[in-house]
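Visitor: No sequence on hand, only this structure:
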């Protein structure tokens, strides 16, 4: 008999009561060192917990739905004595897991460097960074902005939010042209000019980035193109992007907005040009005949939507039971039903091996719904993002950064070093541009001496898929976990005249969540055409602490899709007349 080894949850830093969303193994399974055992989901990211020893699973002490903490016992593994310290040697068959984030070597050599001084240095010119820099300048502060891309806008404008939405617009036009067929309007099959599509996308990006450059110049914000690394708590060295030059930037205050990057998986041969991340996918150099999306999150589904409309046959492999983990099931159900023919969803399935071959990417699967091995022309890895906190020399400061690369801040965006602030993806929470923008404004105003705090009551989130999914405030899942006595009001778009006229009734629903005791709105979600544009009223209502009467008694224009928000409120307080009223007074 071999040795029994306990496998425990590793150090999770400040995260407590973390959700366990997947158990990848069963008693009796043989695992190799570093094979994934379970998947955890924190507010910041999903992560696999691997086994520290190879052997046979003898006992599993956790289950899906548990909340776990650092040091909790996961499983017991029987290992051979001589194999206890031997690593697995077959990377092509490992379970998907994120590579550990390592501290990047940073150089503080300042020889030959120029020098710049500013009251405020902002590192990163994404939406959060440029908003922080421009706000600082507007408040009269001498501001320096460092950006590694050739143009301002960061990942979002250059290789993220904006180019993806431009491509999704192209896809939506194709979708609508096909969809109108049954209404008596027929279009010929579109001819796809791929270079023209790419040029349209690049034109949209250029218009925005050019505008940012102009605003930086107008505000006298000094822009330096390069990568910044801290020398100490009052200076950084910037290695220039376009030449071998260097600049030392000295500052009184600093705002770190260095963002995140696509997560890499250790078992995936990322060096193969047919293995894509979101940046590669946005280049639209080709339309693969068969494409695999790894991950059921927003990025993968948006890019999958684009390529499916351009002509790709798309499979989506998802570890859990649904797409968009954390979104309420009733909302996701509408989306999934509407996309059953668009995508081949493989739920509760994992990619076990990815093997590049001359005729394609050979992929093996495992899990409840695992198909036979398949060959793809391209594989898009969309398994989340990793913060850049371990790449900017923070070891030369007193700033707290965890082993994943997240920086700790307070509600004024201050780090442990009082004159250094951090915002955006690098501090965790939802990795969303609009969150970073508001955090940037707070940081700038605090530096200028204003007494402000980042205390939002809701942070909206949108998946620009077909149909769109838009959420704000608490989900039903979160309300239940918080122990709130809540009530859900849902209005199906099948009862909306506007939705029926626009032929979007079958894939639409508006949902509001109310505190049953106070009648106050605590959350909302919309799935349907242009859901992201319809979310504004819900976001504002949450910030203003509206109750059901505030919303229901607001006169909404008819016929519109947004009147479905008012209808939901009417359902809650029992005044709905467009649907059967469950709260109607019963006749005696």
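Guide: It's in. These numbers were taken from a predicted model, which means no experiment stands behind them. Residues are numbered from 1 along each chain as shown.

Visitor: Report how many residues lie close to the residue nearest to residue 71 when sequence neighbours are not counted.
Guide: Ranked by Cβ to Cβ, 6 or more residues apart in numbering and with sequence neighbours excluded, the top spatial neighbour of residue 71 is residue 8, at 5.5 Å. Bear in mind the C-beta positions are built from the backbone N, C-alpha and C, glycine included. Residue 8 is flanked by 15 other residues according to other Cβ atoms under 10 Å.

Visitor: Contacts only, for residue 8.
Guide: Residues near residue 8 by Cβ atoms under 8 Å, 6 or more residues apart in numbering: 71, 72, 73, 74.

Visitor: again with residue 52
Guide: Counted by Cβ under 8 Å, 6+ apart, residue 52 has contacts 5, 7, 33.

Visitor: Try it again at 7 Å.
Guide: Neighbour list for residue 52: 7, 33 [criterion: Cβ atoms under 7 Å, 6 or more residues apart in numbering].

Visitor: And it, what's its pLDDT?
Guide: Residue 52 carries a pLDDT score of 82 in this model.

Visitor: Averaging pLDDT per element, find the lowest-scoring helix or strand in the chain.
Guide: Least confident element among the helices and strands of the chain, by mean pLDDT, DSSP states H and E: strand 46-50 (a mean of 71).

Visitor: Next SSE downstream of that strand?
Guide: Following strand 46-50 in sequence order, the next helix or strand is strand 55-60 (DSSP states H and E).

Visitor: and that following strand, which strands flank it?
Guide: Looking at strand 55-60 with DSSP bridges, its partner strands are strand 30-31 (antiparallel), strand 73-79 (antiparallel).

Visitor: looking at the ones you listed, which one has the lowest mean pLDDT?
Guide: Among the strands paired with strand 55-60, strand 30-31 scores lowest, with a mean of 84.

Visitor: any idea where the helices of the stretch 301-450 of the chain begin and end?
Guide: 329-338, 433-447 (DSSP state H, counting those that start in this stretch).

Visitor: Need the winner for burial among those.
Guide: helix 433-447 (a mean of 23; mean count of other Cβ atoms under 10 Å).

Visitor: circling back to that earlier point, can you read off the pLDDT for the residue nearest to residue 71?
Guide: Looking at residue 8, the pLDDT reads 87.

Visitor: Equivalent analysis for the one 5 residues further on, please.
Guide: In this prediction, residue 13 carries a pLDDT score of 59.

Visitor: Then residue 566?
Guide: 97.

Visitor: and if you look at residue 313?
Guide: So, for residue 313, pLDDT stands at 98.

Visitor: Roughly how far does it sit from residue 181?
Guide: 21 Å (Cβ to Cβ, to the nearest Å).

Visitor: Then residue 268?
Guide: 40 Å.

Visitor: So for those two, which sits in the more crowded spot?
Guide: Using other Cβ under 10 Å, the more surrounded residue of residue 268 and residue 181 is residue 268, with 21 against 10.

Visitor: Is the closest residue to the more buried one other than its chain neighbours bridged to anything, and to what?
Guide: The shortest distance from residue 268 to any non-neighbouring residue, by Cβ to Cβ, 6+ apart, is to residue 354 (5.5 Å). Note on residue 354: beta-bridge partners by DSSP bridges are residue 363.
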